[in-house]
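Q: Whatever this is, show me its structure:
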Amino acid sequence: MSRFPAAPDSPYLAEPGPGQRWSTWRSVAKGQRGPEPRPDWLVTSDAALDTELGVLKTGKEADAFLIERGVPAADDALPSPTCLLVAKRYRGREHTTFHRDGDYTEGRRTRRTRDQRAVDDRKSRWGRAVAATQWADAEFVAMTEAWEAGAPVPYPVQIDGTEILMEFVGDVDPGSGEIVAAPRLARERPGAELLESYWEQLTAGMSVLARLGYAHGDLSPYNVLAHGERLVIIDLPQVVDLASNPFASEILLRDCRHMCAWFAARGLDHDPDALFADLLAQAW
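A: Residues are numbered from 1 along each chain as shown. The predicted structure follows:
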């Protein structure tokens with residue numbers, strides 16, 4: 001569980017200070033912003049500043065940072081609208097520690113032919129840059145489609161190159177102001193009733209992805225957050241197309257086995273092969 005100190009009382013200045021920038025909401029194209037209707041908590045003002053509060057997680061292909069987006073108050077006595085976001089920033093291929101990306105990107109095409117040729121040429125600098133963008137694009141598109149379809153995923157706020165901004169899943173302590181990120185499901189020991197609820201939420205989310213034609217690709221208790229009684233599926237850059245990827249069935253079955261093993265270890269047995277068959281049936 002990641003914890004962060006309370007944000008400064010007045011972190012917003014007339015100009016961005018260290019670790020700050022003007023909000024990039026208006027600087028990205030309309031199609032690079034999250035779907036409507038947008039959540040009430042999201043700050044979209046041109047006057048907002050993004051303040052980086054710390055590192056949430058480092059990963060194989062990207063790092064995640066905690067961001068507070070807020071509008072400077074004209075009067076210190078007035079509350080300033082703020083929201084907490086996660087900035088997921090993808091590294092170039094030469095800096096990633098993930099080396100089996102071909103299994104996941106098989107069948108995935110970029111929007112422009114020249115970019116696809118660049119991705120296929122792993123030795124070119126442009127190809128490496130496009131490949132990093134391809135991972136970010138894949139996650140943003142999948143997260144957007146999943147959120148619109150009702151899957152338990154973070155709200156995708158916007159994408160700008162290799163950076164995705166998304167909903168922060170966690171809480172702010174009302175007394176101390178301490179920010180606490182939701183823990184990974186892997187760490188939880190829920191009671192029988194909550195465990196059953198978690199299973200229902202998980203399989204409902206996997207079903208939404210299957211009906212969209214996706215398998216998560218890297219689903220495990222470490223890529224699911226337990227926010228109280230709510231589960232949230234995260235880390236979707238490795239989504240695979242169930243129709244076009246020749247490894248899709250193998251990858252989906254692995255997702256099913258990983259999740260069924262975690263639930264079985266906590267006393268709730270489900271057949272991963274039965275779950276796999278049900279998801280495939282929904283996909284087709």
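
Q: Just give the number of residues close to Arg33.
A: Under the neighbour criterion other CB atoms under 10 Å, Arg33 is assigned a count of 20. Heads up, the C-betas are built off the backbone N, CA and C, glycines and all.

Q: how about the strands of the stretch 101-250 of the chain, start to end?
A: In the stretch 101-250 of the chain, the segments counted as strands under DSSP state E, counting those that start in this stretch are 156-160, 163-167, 170-172, 179-181, 214-215, 224-227, 230-233, 240-241.

Q: any chance of these in CSV, plus mean pLDDT?
A: Shown next, in CSV, are the strands of the stretch 101-250 of the chain (pLDDT from 0 to 100):
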stretch, mean pLDDT
strand 156-160, 97
strand 163-167, 97
strand 170-172, 95
strand 179-181, 95
strand 214-215, 97
strand 224-227, 98
strand 230-233, 98
strand 240-241, 94
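
Q: Could you dump these into TSV with mean neighbour count and distance to Met259 added?
A: Formatted as TSV, these follow (neighbours: other CB atoms under 10 Å; distance: least, CB to CB, whole Å):
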stretch	mean neighbour count	distance to Met259
strand 156-160	24	23
strand 163-167	24	22
strand 170-172	17	22
strand 179-181	19	21
strand 214-215	28	12
strand 224-227	20	8
strand 230-233	19	10
strand 240-241	24	16
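
Q: Would you mind giving the ones you listed as CSV with distance to Ser207 added?
A: Formatted as CSV, the strands of the stretch 101-250 of the chain follow (distance: least, CB to CB, whole Å):
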stretch, distance to Ser207
strand 156-160, 20
strand 163-167, 21
strand 170-172, 26
strand 179-181, 27
strand 214-215, 11
strand 224-227, 15
strand 230-233, 12
strand 240-241, 16
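
Q: for the ones you listed, which one sits closest to Leu279?
A: Evaluated over the strands of the stretch 101-250 of the chain, closeness to Leu279 peaks at strand 214-215, with 7.8 Å, by CB to CB.

Q: Ala64 bridge partners, please.
A: Going by DSSP bridges, Ala64 is paired in beta bridges with Lys57, Lys88.

Q: mind giving me the domain split of this structure?
A: Domain assignment for the chain by automatic domain parsing gives 3-172, 182-283.

Q: For the stretch 151-284 of the chain, just list every one of the helices.
A: Assigned by DSSP state H, counting those that start in this stretch, the helices in the stretch 151-284 of the chain fall at 192-211, 248-265, 272-283.

Q: Same list, these, but as a markdown table with mean pLDDT please.
A: Below are the helices of the stretch 151-284 of the chain laid out as a markdown table (pLDDT from 0 to 100):
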| stretch | mean pLDDT |
| --- | --- |
| helix 192-211 | 98 |
| helix 248-265 | 98 |
| helix 272-283 | 97 |
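
Q: Could you dump these into JSON lines with mean neighbour count and distance to Trp135 added?
A: Converted to JSON lines, these look like this (neighbours: other CB under 10 Å; distance: least, CB to CB, whole Å):
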{"stretch": "helix 192-211", "mean neighbour count": "18", "distance to Trp135": "17"}
{"stretch": "helix 248-265", "mean neighbour count": "18", "distance to Trp135": "16"}
{"stretch": "helix 272-283", "mean neighbour count": "16", "distance to Trp135": "23"}
